[in-house]
Every structure is written in C-alpha cells, then in structure tokens.
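Trainee: sequence and predicted model, in that order:
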2 protein chains.
Amino acid sequence: MYRIGELAKACDINNDTLRFYEKNALLTPSSRSESGYRLYTEKDKNILQFILRAKGVGFTLAEVRELLSIEVNKADNACADVKTLVDIKLADVERKLAELARFQMSLKRLSDACCGGKESAEHCTILEALESNTDNVRHET
Amino acid sequence: MYRIGELAKACDINNDTLRFYEKNALLTPSSRSESGYRLYTEKDKNILQFILRAKGVGFTLAEVRELLSIEVNKADNACADVKTLVDIKLADVERKLAELARFQMSLKRLSDACCGGKESAEHCTILEALESNTDNVRHET
DNA sequence: ATAAACCTTATAGCTAGATCTTAGGTCAAG
DNA sequence: CTTGACCTAAGATCTAGCTATAAGGTTTAT
C-alpha cells in the first residue's frame, strides 16, 4: 500500500496530480486509511503507469479514460461498440506510428549528414530531410 | 501566394492560429501586401504542414520550433550541438515508437478478443492485454 | 459607391492539465 | 508532548495552445 506521497514519488509526479486524476475519474485509490489518507495498491500503480505512458504518446486524459473503461465481454451486447472504439484508437495509433517513422528517418538522415555522412550538404534542415524521404520511397507493389 | 484565410482553409485551421504561430516564432509569412496583408508561399505551406504533423505526434510547439531551427552545416562549429539536439529528438521519437507499438499490439488483441478470437475471455481490458504482451515476448538473441 | 467579405492590431477569454494556497488534521521521532 | 513531515478538502492560479472580440482599414462584386 502506497500513500499519496509515496506513489507520487515512485512515479515522479506531483501529489496534486494524483488528486486531480481522482477528481477526473482516471484513478481512484483502492481504499482509505482510518484517518482518510488515500491508499494505493500495486494494481493502482499499474493503472497510473498506463496513464502516464498513454499521455506520453499523445492521448488526452479523456481518451485515456476511454481506454481504461474498455472491458471486452463476449456475452455483452455492447461488444460491437467496444470493438468500434478499440478500432478507432487502433487506427489513430497506426497513423501516429507511420508519422513517427517518417520523423525517425528524417532525424537519422540529419544526424548522419551532420558529422560526416555522404549526403551532408544535401539535407540540412528537417524539412529538406522529410522531402528527401518522399523522393526515396521504394515503389513496392 | 496565399492570404491568411486561404492558407488557413487549405490546411483546415483557424486564421487566428496562423497569427498565433507567427507571434510565437513558428511561421512568419514570407511577405506582406502593400496594405499589410500576410502573404504565404508554398514553402510557408510546407512549414505549416510540418508543424501540424509534428503536433499530431505529440511534439509541443517549443519542440517544433527547435526542430525547425535545425540547420546542419558541416563547416559550422555548432555542428556538434545540432547533432546532440537531433539525437535527443531521435531518442524521443524512438521511445514513442516503441510505446505506440505496445499500444498497437494490445489494441489488436482487444479487437480480436472482442468478437470471436481464441483468447476472448482472457484479455478483457487494455491493462490485461498490455500485461499479456509482456508474457508473450519472444526471447530473440 | 456601398455592402459583404476579407484583412489589420491588440487584448481578453477559453479548455486541458497541472500546480499552489489556505486552513486545518495525523503521525512518527526525539 | 511537541516538532516537522505528511495528509485532508476546497478553491485559486498557472501554462500551453488556441479562439473570440473590438475597432477599424482593404478588396471585390454589384
């Protein structure tokens, strides 16, 4: 069991952020002490880490709340709704992955060009590096 | 040459956002008309599209400003500094890519589990799907 | 030549997400 | 048995990134 300050420190965030997440229905501590202190379990910590990672890749807190609320249940009629939500998020993630892959290529090019690569003079800004990516696309059928 | 409203419409953003980007040193129109109207070139449009894409994958405007300011120049003494900056951003992009790949796997699992996969009952929330990812890591040497 | 649709600057207001302030109550160590 | 680190709730404040308003000048179509 973690008290608020312990969990906050363990995850390198502010105590107030935890209270904020609680108020906004993202993470409610599993229990309270007799004197009203918040008590977080390991599972709570996992949820927090999920929230922080999701935030780190650009999900809003509202989206994180949606992701956390997903409960696949084959028996449930809401199954189709859940699948729809998941597939929307999946498309979003895949779009981000593709975009990031382009950034990665461009940044690699810049890094190489900087100190001694063959293409030094040609790609000297990120915009040019991005454009040159498109030039070099292999036409795979 | 685009006037502010034309460029804004072409890129599906608000006129005020363009003025905001100018005030915050992200995109300054290449010229002004005699009457003071902002005039944007195709190159300006490319920069804007870069800004919007970078924002879309989770860079802050301050980071975008940094990325845009990169100018690799082998002759320049600042080369090492630029390489450092680029490599920091590259590491950041690669961290995001890895994180997104995990989300992608988990979401795929959930999508499959939902309507008829073999693993239906086992992975019914995104947290469980994420945990089961770790279980299934292939130990490639 | 005048209305409608655009543009200008400057400044105020909005939402998300987080942090700080106030006025206290709790708890472990000396 | 008190000091200092911790906790409580409620509400104010802060930053980023827009978005809107006010008061006026410009362009284009009729």
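Mentor: Looks like it came in fine.
Trainee: neighbours around A:Ala25, how many?
Mentor: Here the number of neighbours of A:Ala25 (other CB atoms under 10 Å in any protein chain shown) works out to 11. Every C-beta, even on glycine, is put in place using the N, C-alpha and C of the backbone.
Trainee: my read: it touches A:Glu66, true?
Mentor: No - A:Ala25 lies out of contact with A:Glu66 (CB atoms under 8 Å); the separation is 11.1 Å.
Trainee: quick check: closest non-adjacent residue to the residue of chain A at minimum distance from chain B.
Mentor: Proximity of chain A to chain B (CB to the nearest CB) peaks at A:Gly58, 3.5 Å away. Excluding the flanking residues, the one nearest A:Gly58 by CB to CB, 6 or more residues apart in numbering or on different chains is B:Gly58, at 3.5 Å.
Trainee: do the same with A:Ala129
Mentor: Closest to A:Ala129 by CB to CB, 6+ apart is A:Ser106, at 3.9 Å.
Trainee: just checking, what packs against whichever strand or helix holds A:Glu22?
Mentor: Under the criterion of DSSP states H and E, A:Glu22 resides in helix A:15-23. Other helices and strands packing on helix A:15-23, by 3 or more CB pairs under 8 Å, 6 or more residues apart in numbering or on different chains; DSSP states H and E, are helix A:4-10, helix A:42-56.
Trainee: just give me the neighbour total for A:Tyr37.
Mentor: 13.
Trainee: and it, its phi and psi?
Mentor: The phi/psi pair for A:Tyr37 (degrees, to the nearest 10) reads phi -70, psi 140.
Trainee: what residues are up against the closest residue to DNA strand D within chain A?
Mentor: Distances between chain A and DNA strand D by CB to the nearest atom of the strand are smallest at A:Gly5, namely 2.6 Å. For A:Gly5, the contacting residues are A:Asn15, by CB atoms under 8 Å, 6 or more residues apart in numbering or on different chains.
Trainee: so where does the residue of chain A closest to chain B fall, helix or strand?
Mentor: Using DSSP H and E, A:Gly58 falls outside every helix and strand.
Trainee: quick one: contacts of stretch A:56-66?
Mentor: Taking CB under 8 Å, 6+ apart as the rule, stretch A:56-66 contacts A:21, A:24-26, A:50-51, A:54-55, A:67, A:85, A:89, A:96, B:56-58, B:95-96, B:99-100, B:103.
Trainee: is any residue of it near DNA strand C?
Mentor: Yes - using CB under 7 Å from any atom of the strand, stretch A:56-66 reaches DNA strand C at A:Thr60, A:Leu61, A:Ala62.
Trainee: gap between the two ends of that stretch?
Mentor: Distance between the two ends of stretch A:56-66: 16 Å, counting by CA to CA, to the nearest Å.
Trainee: alongside DNA strand C, which residues does chain A contribute?
Mentor: Near DNA strand C, when you scan chain A using CB under 7 Å from any atom of the strand, you find A:13-14, A:16-17, A:19-21, A:33-37, A:55, A:60-62.
Trainee: buried ones among those?
Mentor: The neighbour-count criterion (16 or more other CB atoms under 10 Å in any protein chain shown) marks A:Ile13, A:Thr17, A:Tyr21 among those as buried.
Trainee: ok, so what distance separates the last one from A:Phe59?
Mentor: Remark: distance between A:Tyr21 and A:Phe59 (CB to CB, to the nearest Å) = 14 Å.
Trainee: give me the common contacts of those two.
Mentor: Residues touching both A:Tyr21 and A:Phe59 by CB under 8 Å, 6+ apart: none at all.
Trainee: my guess is A:Gln104 contacts B:Ala98. True?
Mentor: No - if you go by CB under 8 Å, A:Gln104 and B:Ala98 don't touch, sitting 11.1 Å apart.
Trainee: of these two, who's got more company?
Mentor: Per other CB under 10 Å, whichever of A:Gln104 and B:Ala98 has more neighbours is A:Gln104, with 16 against 10.
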